[in-house]
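> attaching a predicted model along with its sequence, questions to come.
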Amino acid sequence: MGSKSDILVVGGGPAGIISAVTARRYYPDKKITLIKSVGNGCIPCGIPYMFSSLKDPDENKLGNGALEKNSIDVFVDEVIEIDRKKKQIITKNGKNYGYEKLILAMGSLPAILPIQGIDKKGVYPIYKDMDYLKGAIADIKKTKNVLVLGGGFIGVEFADEISKINGFNVYLVEIFPQLLANSFDSEFSRIVEEKLKENGVNVLTDTKVEEIIGQDCVKKVRFSNGQELDIDSVILGVGVAPNTKLAVDAGLDLGHGKGIWVDEYMRTIDPNIFAVGDCVCKRDFFTRRSTPVMLASTATAEARVAGANLYKLKIIRENKGTIAVYSTYIDGLMLGSAGLTENSAKKEGFEIVAGVACGVDKHPATLPGASEVKVKLIFSRKSGIILGGQVSGGMPCAELINLIGVAIQKRMSSMELEMLQMATHPFLTSAPTTYPVVLAAQDATGKM
């Protein structure tokens, strides 16, 4: 029992949805079907905010509206096999679906660390499944001492969100000496750590969890230094791994980063199978090395490339690599990072110069709600081309990191950024005379 589609998408997350919607835009006469294994999906970036900021966890639901609007058929089932010769997939429920073009968007799975006791009740990996998450949140809210394992973006956001709920003791544990170590230099990481501590989060950096202790449920955790802590629940915010079993079983190649290998047009080694999102191997924008960047923004950019290029290649739709543009929000503080940090650029062997500027995100600075802004830009010393940037400040500077991302993508120089023309307004931006991106570029140029 089965059916035939022209375009078949496996996966109902942001990458799968945007692949299907983009394909509809470029190929309006094709029959498009999407199969997803999770009936009630959620918006991945909104998961931490289901604890407190959203009135109801269901407000973070990822529905089928965009798919239905574009006449895309949706089925809830799990794909267990790809038959490349017959050009069909087989599902857990015994159905098969034929295809002309197949897009794999299976996403990622939570990384489970080799910690003794990590399988006990009260330990919660983060699955992108609304029904699972609602149950986990309800259970965690019945506890008092919560440990968030992992000081990357998701861990920091969970710790901040749960700290807003009265009666909780929140511990954030990171094995590295600083939070957000992969995305920020230490001066920005310190800002995050200080903000979390102000809000009552117990931040434990340079700390490794050795064992989760308890009969059946979590009662304590033991660290590598021998210290023990009373803990009722543990949230695993330690990252994810590409979900590639389906592709591997079908004989598709993996890249060095263990995700599915694809070319610049998101084609696998099979010309009729494309892959996008977290299940795909990412390559750095500057070095083309594999990089473990898994973001919805990256996934949807890849999805647009795939959806446009299924039948005919459009040169303008190339995927030139992953810039890694991140942003996060912690109780009024916005932080963003794009491209290489000073540390990562030096590790790669780039000869660099950094430009820094501080200011205020409104003008005059006496306006209500004005916040300090800090911008750091990284440039190649000889060419002057921008390699990366970091930003911290209030909400008005939230789009600055996207501006820096565009500058990186277009390989702008420090001189070009000095000449930047921008819209400014007293309530919305820094002053045109002291625009921090321009000042940071000027600071770097002066050091070249």
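Structure received.
> how about the helices in the stretch 251-400 of the chain?
With DSSP state H, counting those that start in this stretch applied, the stretch 251-400 of the chain shows helices at 296-308, 342-348, 400-409, listed in chain order.
> ugh, typo on my part, it should be the stretch 101-250 of the chain
130-140, 153-163, 186-198, 245-249.
> okay, the angle between the third one and helix 153-163?
Taking axes from the mean of the first three to the mean of the last three C-alpha atoms, to 10 degrees, one finds helix 186-198 and helix 153-163 inclined to each other by 20 degrees.
> spatially central residue in the chain, please.
The structure's the chain has its C-alpha centroid closest to residue 295; by C-alpha atoms, centre = their mean the separation is 2.7 Å.
> OK, contacts around that residue?
Contacts for residue 295 were tallied using C-beta atoms under 8 Å, 6 or more residues apart in numbering; they are 324, 325, 326. C-betas here are computed from N, CA, C, even on glycine.
> roughly how far is stretch 60-73 from the heart of the chain?
Taking C-alpha atoms, centre = their mean, to the nearest Å, one finds stretch 60-73 lying 22 Å from the centre of the chain it belongs to.
> can you tell me the closest non-neighbouring residue to residue 197?
Leaving aside its sequence neighbours, residue 197 sits nearest to residue 203 (C-beta to C-beta, 6 or more residues apart in numbering; 5.8 Å).
> okay, and the beta partners of the one you found?
Judged by DSSP bridges, the bridge partners of residue 203 are residue 172.
> how many residues are close by it?
Residues contacting residue 203 under the criterion other C-beta atoms under 10 Å number 19.
> got it, and the one 3 residues further on?
With neighbours defined by other C-beta under 10 Å, the count for residue 206 comes to 11.
> separation between it and residue 212?
Distance, residue 206 to residue 212, by C-beta to C-beta, to the nearest Å: 19 Å.
> which pLDDT value goes with the residue nearest to residue 388 when sequence neighbours are not counted?
Closest residue in space to residue 388, ignoring its immediate chain neighbours: residue 339 at 3.2 Å, by C-beta to C-beta, 6+ apart. pLDDT for residue 339: 96.
> residue 339 against residue 323, yeah?
Yes: if you go by C-beta atoms under 8 Å, residue 339 and residue 323 touch, sitting 5.5 Å apart.
> now do the shared contacts for those two.
The contact sets of residue 339 and residue 323 overlap at 285, 405, 408 (C-beta under 8 Å, 6+ apart).
> and residue 300, what does it touch?
14, 15, 18 are the contacts of residue 300 under C-beta under 8 Å, 6+ apart.
> how about low-confidence regions in the stretch 151-300 of the chain?
Residues of the stretch 151-300 of the chain that meet the criterion pLDDT under 70 are absent altogether.
> can you pull the domain assignment for the protein?
With domains defined by automatic domain parsing, the chain comprises 2-107+241-317, 123-238, 332-447.
> now distance to residue 116 too, for these, in a markdown table please.
Putting those into a markdown table (distance: least, C-beta to C-beta, whole Å) gives the following:
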| stretch | distance to residue 116 |
| --- | --- |
| domain 2-107+241-317 | 20 |
| domain 123-238 | 4 |
| domain 332-447 | 32 |
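> out of those, nearest to residue 114?
Proximity to residue 114 (C-beta to C-beta) singles out domain 123-238 among the domains of the chain, at 10.7 Å.
> which residues in the stretch 301-448 of the chain form strands?
Here the stretch 301-448 of the chain has its strands, by DSSP state E, counting those that start in this stretch, at 325-330, 333-339, 352-360, 372-380, 386-393.
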